[in-house]
Structures are given as C-alpha cells and as structure tokens.
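Peer 1: Sequence and computational prediction follow.
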Amino acid sequence: MQYSADGQSDGAVTAPQPGFLASVFRDLGVEEPTADDPSGRPPGAPDGPSDTARPAPGPLGVGGDEEVAAHARAAALTHHRTLTVQAEHERLADLLRRSALPVSAMDFESQLRRYEPRPYPDGAPSAAEAGPDPEPRWEDYAPAEPSAADPDGPPVRRLLDSGYQRGLAQARLTHQRALREWRTRQAEAGSPAVDESRRVHDEAEQARARAVREYNDSLEECRRAYRQAEPAAVESLLERALAAAETNTRDLPAPCRAVYRPLTRTAVLDLDLPPLDVVPSLTGYRLAPDGEVLPVPRPPTHRASDYLRLVARLALRALQAADAVDTDEILAGVVLNGWLREPGGAGPLCLVSVDADRDALARTRLLPPTDPDEQPDGEGVYADAEQDEALVRLRQLDAAVSPDPYGRAGVEPAARAAATVPAAPDLSANEFAQLVRELLTRGGLGQWSVRLRGPVGLVATGEGPAGSALPGRWVVWASRGEGAVGEEEIRTLAEAVREESAERGLRLTTGRFTDGALDLTGEDGHRHIHLVDGDGVRELTHTHLGLPLAAGH
C-alpha cells in the first residue's frame, strides 16, 4: 500500500520488487519463504512470532538520550536553587514585618509579680483551711417521719410505711459511709507521712510568697533609684525594655546596650546590626544554553535598600522601647548608634546614628503601620527605599544613614557611649545644647530661645531678671572643640549683640581663647562680651549641676 506525502494511504497496493524479500531474509540469516508458506515461516516452524526472526535493537540514539537526561537534571537543579533563593526572600519579608510590630511597654507596673497560692496536691484543704472536722451525726441523715393519718394512733404504724422504710435504710447506709470516710481522714491527719507532705508543701508555698515579695521589694527599690536618675537603675530598665523588644525577632539577634549620662539626662544606645548576608544577593538561577546553571545577581541598589529598610525598623523599634519605658520622663533625649560588627573586620562600622530629644520622639510615630497582606515585589521587598516609611521617619529625626552599607560607607556617630562621665567631644549636638541651656538657666538666664544650632554649637538669646547673676538681655554663642577662639569671632559676637538689641554677649567654648581675644574683651568697645573657656564650663557644671564633665581628649 502506498502513502501520500501527508502520511495517508492512497488505496493502491504494490508488490515488492523481485528478490527483495530474499535479500532481506538472507541478511537475517533465514531461508526465503516459499509459495507454500505465505506467512514467511520455514516449513515445520511453530505458529507465532519467532525470536530469531526479530532483529536485535541497535545502539541508535543513545547519545541523544544522555543529553536529554543531563539537560533535565540541570533544569531540576536550577529550579531547586531558585526555590531556595525565593525562601530567603520570604524570610527577609517576614523579618521586615515582625521587626515593625509594636513593642510592649516594660514599665515597673508590668514587671510586678503576684503570688497565687497553690492547693495541696491531693486537692484536700489543709487543716488550717478546713477548720474543725466534726463526726457525722445520725440526726443529720435520718429521714423525716411520715405524718400519721390518725394522730391518736400508735407509732407502730411507721413500720407499715414502705417508703419510709426504704428512705431509712438508705440514710443508714449514707451515714455509715460518711462515718467511715471521717474516720479515715482522722487517721490520715495523724499520719506522719501526710503531716510531712503537708509541711513540705506549706514551706514551699511560703518560699514562693517570700520570693515574690522580695522581688517586688527590689523592683520598688529600682523604681526609687530610677526616679532619682541613678545611672545603674536607668540602664537596667532600658536594657530590659530593649531585650523585651526583640521578642518578635529572636531568630535575628540585634542586642542593644544602654549608657545613661546624668549630666545631660541622655541615654546612648549601641545597637548591633545584623550581618549583611541577611539580605539575599541573588534573584534566582537560570539555565544557560550549554546546560550550565548560572546565578542571577540582584542589583546592588536593591540589596542595599532592603538592608537599610531592616536597619531602619530595628532602630525605630529600639527608640520606641526606650521612649515607652520612660514613664517618669527621666530622659531628656536618646542617641542611637547602629554598629556593623564583622568577624575579622578592621573594627565596628557605624551605619546609622540618631540624635533625638524627647520632644522629637514625642512628635514622631516611631514604627510604621504594617499590612499583613503586603507581598514582596520583583525589585526588592517593598517599594523604593526613598519612599519606605521607616526610613522616612528615621530621616525626620535628622538621622545619619549609610548610603551604601555593602560598600562599607559609614557615618559619624552622633555621640560616643564610652563612659557615664563624658567629655565635651563625647556629647551629641542635642546633649551640648541641653547642657548649655541647663547651665545658663541655673545661672538665672531665662526666656531661652535657640536661633541657630549645628553639630558643633549654637547661638541663642536669653534674658535674666535684675539682680540675678546674668541680668539683662544676652546673646550666647557656645561651641565645643579643642581649637582656640580668636579675635574675629569676638567681633562677630559683638555685631550680633547690636543686631539683637541685647546688652551683653557670652562666648562659651570647651576649648580656649587666644591672647588676642582675651585682650580684645578688655577694651572699652568689647567689655560687654564675656568669655567662658573649657575650664570655666567644667567649673559651672560642677557648681550648678553637681556633676562632673571630663576634660577634653
């Protein structure tokens, strides 16, 4: 039968060419079929297919099958590795969500413990709780006698009342059972083993009650010390609150230490940031035409944005914990430094630093609202980092944030938490401004108004009442630094005094003045300018605040 080009039969039957079958059978090693046997089997051969007549399969296509199998294995490996990367992205999205959850306030009231007594293990009350245990009386169990139909009849008629007799029998059984239980209790009450068990239980309960009472007493002592702004008490409370804030992300350790400086009523927090590899560096894997499995790296900006989102949430969470626990408003401000500490690295690198006073913390909602249905997109976990709400709120606090954490681009810490007693270079801008204001307010200068403030100093005006140590209207220029203040700055301050219609000017520095500046203030045109150097600042601090300020270094 012949077939057309499209593979369909055309209905025509053709006979094979002469000698064709003979040549085929000769190649197979069998005799040519005869006309007497149209089936092609040799005479005498059994019916059915012959194994010897079937050609053995040849090695055709073996190389192609191996290539297909290798390609399938490479595709499966590519898929498996891509799923692993996707799991890393999902974990990062989950960490971002959990790190933005609100923290519970760890104030003193929430830490109080309460004692609840536990009953004796067998459930029976102790002798003191049970009180006297009287012997069961028959009078309490005897049934009421039936009313007689004939009041004048003999009492023997009760014997004929079947209901009364059944109730009487049941009452006697109940009374006997109660009597046996009472005797058993009496015997157990006098048992040495039971007495010892109850004694051990009562002693354990007394120990529990005593432990709760002692803990609450110590907590009350801590509260008293905290209200007096003792550094150890304030630091202990802050660190407990910071540790409690990590509850939602225990699989991402980010410990935070606190140092409290009574001089400026500021807490300096050192936050250890997670390692950089917490953010996936790949989008997935792809299969190359030659069968090689190739990684698909993420754009560096996307990876850096995701890491900064996580850092911003951890920083805001620590700030919120410190602000929430300070119910008595001991803190005037909080400085937070986020440090990346890598094993074998040159040293810790500061990637974020925040210097916020209490008013700024109160004005800022520290944590962004979370959407449980928010899903990661293909270009990062959330939207563009510039629009990320956590980073926006962090920058509203004038935070310094690393532009490229993976490029090891650090920022300058706003303050150092080296010691409880700081030197002037250790103070943040807010701390220095708070210190200057506190010193001059204690000296009698009221109506304080800051006109300019920068990282190294401030310019402010104030007015003191007549008869005070600082009477009249003043212009104050305060700066910190080890450099010497010269004549030009004294002249600039004198011009500011005239522009502000003030009567006096005060130039305060934590460094020193040049001889020319000292001589200039002795002249008639500049006698209204007063100078305070670093030694004078430390003396004022000790006099008005009763606290030390370390010498500069």
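Peer 2: Great, that's in hand.
Peer 1: model confidence over the helix ranked longest in the chain, on average?
Peer 2: Ranked by residue count and defined by DSSP state H, the top helix of the chain is helix 62-99. Helix 62-99 carries an average pLDDT of 88.
Peer 1: How about stretch 397-414?
Peer 2: Rounded mean pLDDT across stretch 397-414 is 92.
Peer 1: Next: stretch 516-533.
Peer 2: Stretch 516-533 comes out at a mean pLDDT of 92.
Peer 1: sorry, back to before: what separates the helix or strand just after the longest helix of the chain from the chain centre, distance-wise?
Peer 2: Per DSSP states H and E, the first helix or strand lying C-terminal to helix 62-99 is helix 108-111. Distance, stretch centre to chain centre, for helix 108-111: 20 Å (C-alpha atoms, centre = their mean, to the nearest Å).
Peer 1: helices and strands around helix 108-111, which ones?
Peer 2: helix 192-227 (3 or more C-beta pairs under 8 Å, 6 or more residues apart in numbering; DSSP states H and E). All C-beta spots, glycine's among them, are computed from the backbone N, C-alpha and C.
Peer 1: hmm, back to that, list the buried residues of the longest helix of the chain.
Peer 2: Applying a neighbour-count criterion of 16 or more other C-beta atoms under 10 Å, one finds 74, 78, 81-82, 85, 89, 92-93, 95-99 buried in helix 62-99.
Peer 1: Stretch 227-237 too?
Peer 2: Buried residues in stretch 227-237 (16+ other C-beta under 10 Å): 230, 231, 233, 234, 235, 236, 237.
Peer 1: Show me the beta-bridge partners of the closest residue to residue 348 other than its chain neighbours.
Peer 2: Distances taken as C-beta to C-beta, 6 or more residues apart in numbering place residue 339 nearest to residue 348, at 4.3 Å, with adjacent residues excluded. Taking DSSP bridges as the rule, residue 339 bridges to residue 272, residue 350.
Peer 1: What separation do you get for residue 339 and residue 138?
Peer 2: Residue 339 is 83 Å from residue 138, where distance means C-beta to C-beta, to the nearest Å.
Peer 1: Looking at the two, which one has more neighbours?
Peer 2: Here residue 339 and residue 138 are compared on neighbour count by other C-beta atoms under 10 Å; more neighbours surround residue 339, at 17 against 11.
Peer 1: what's that one in contact with, if anything?
Peer 2: 270, 271, 272, 273, 348, 349, 350, 351 (C-beta atoms under 8 Å, 6 or more residues apart in numbering).
Peer 1: Tell me how many other residues surround residue 118.
Peer 2: By other C-beta under 10 Å, neighbour count at residue 118 equals 10.
Peer 1: Test my guess that it contacts residue 207.
Peer 2: No: contact criterion C-beta atoms under 8 Å: residue 118 and residue 207 do not qualify, at 12.0 Å.
Peer 1: which non-adjacent residue is nearest the spatially most central residue of the chain?
Peer 2: By C-alpha atoms, centre = their mean, the chain has its centre lying nearest to residue 246, at 3.5 Å. Of all residues not flanking residue 246 in the chain, residue 254 sits nearest, at 6.4 Å (C-beta to C-beta, 6+ apart).
Peer 1: Quick one: list the elements packing against the helix or strand containing residue 497.
Peer 2: In this structure, residue 497 is located in helix 487-499 according to DSSP H and E. Judged by 3+ C-beta pairs under 8 Å, 6+ apart, helix 487-499 is in contact with strand 472-479, strand 504-509, helix 515-520, strand 529-532.
Peer 1: Quick check on residue 143: phi, psi?
Peer 2: Per-residue torsions, residue 143: phi -70, psi 160 (degrees, to the nearest 10).
Peer 1: That one against residue 167, yeah?
Peer 2: Yes: Residue 143 is in contact with residue 167 according to C-beta under 8 Å; the separation is 4.0 Å.
Peer 1: Would you check how far apart the spatially closest residue to residue 486 that is not a sequence neighbour and residue 507 are?
Peer 2: Spatial nearest neighbour of residue 486, chain neighbours left out: residue 514 (4.9 Å); criterion: C-beta to C-beta, 6+ apart. Going from residue 514 to residue 507 by C-beta to C-beta gives 12 Å.
Peer 1: overlap in contacts of these two?
Peer 2: residue 485.
Peer 1: Look at those two and report which has more neighbours.
Peer 2: Using other C-beta under 10 Å as the criterion, residue 514 and residue 507 rank with residue 507 on top: 23 against 15.
Peer 1: check contacts around that one.
Peer 2: By C-beta under 8 Å, 6+ apart, the neighbours of residue 507 are 477, 485, 489, 490, 493, 513, 529, 530, 531, 532.
Peer 1: rewinding a little: buried stuff in the helix holding residue 497?
Peer 2: 487, 489, 490, 493, 494, 496, 497.
Peer 1: Nearest to residue 283 among those residues?
Peer 2: residue 489 (56.2 Å; C-beta to C-beta).
Peer 1: hang on, isn't the closest one packed against residue 517?
Peer 2: Yes: between residue 489 and residue 517 a contact is recorded at 7.3 Å, counting by C-beta under 8 Å.
Peer 1: The nearest residue to residue 423 once chain neighbours are set aside and residue 418, how far apart?
Peer 2: Closest residue in space to residue 423, ignoring its immediate chain neighbours: residue 550 at 4.0 Å, by C-beta to C-beta, 6+ apart. Distance, residue 550 to residue 418, using C-beta to C-beta: 10 Å.
Peer 1: what touches both of these two?
Peer 2: residue 426.
Peer 1: Give the closest residue to residue 436 in space, chain neighbours not counted.
Peer 2: residue 478 (4.6 Å).
Peer 1: So that neighbour is in contact with residue 432, correct?
Peer 2: Yes: with contacts defined as C-beta under 8 Å, residue 478 counts as touching residue 432 at a distance of 7.4 Å.
Peer 1: Identify the contacts common to the two.
Peer 2: 457, 458.
Peer 1: Now the terminal residues of stretch 525-539, how far apart.
Peer 2: 28 Å (C-alpha to C-alpha, to the nearest Å).
Peer 1: Report the buried residues of it.
Peer 2: Buried-residue list, stretch 525-539, by 16+ other C-beta under 10 Å: 526, 528, 529, 530, 531, 532, 533, 534, 537, 538.
Peer 1: For it, which outside residues touch it?
Peer 2: By C-beta under 8 Å, 6+ apart, stretch 525-539 touches 424, 439, 490-491, 493-494, 497, 503-513, 517-518, 520-521, 540, 548-549, 551-552.
Peer 1: buried subset of the residues you listed?
Peer 2: 424, 439, 490, 493-494, 497, 504-511, 513, 517, 520-521, 540, 549, 552.
Peer 1: Tell me where this protein has helices.
Peer 2: So, for the chain - with DSSP H - the helices run 20-28, 62-99, 108-111, 127-130, 162-189, 192-227, 231-245, 300-325, 358-363, 389-396, 429-442, 487-499, 515-520, 534-540.
Peer 1: avg pLDDT for the fifth one?
Peer 2: Confidence over helix 162-189 (mean pLDDT, whole number) is 79.
Peer 1: What of the third one?
Peer 2: pLDDT averaged over helix 108-111 equals 74, rounded to a whole number.
Peer 1: Name the nearest residue to residue 293, sequence neighbours excluded.
Peer 2: residue 78 (5.0 Å).
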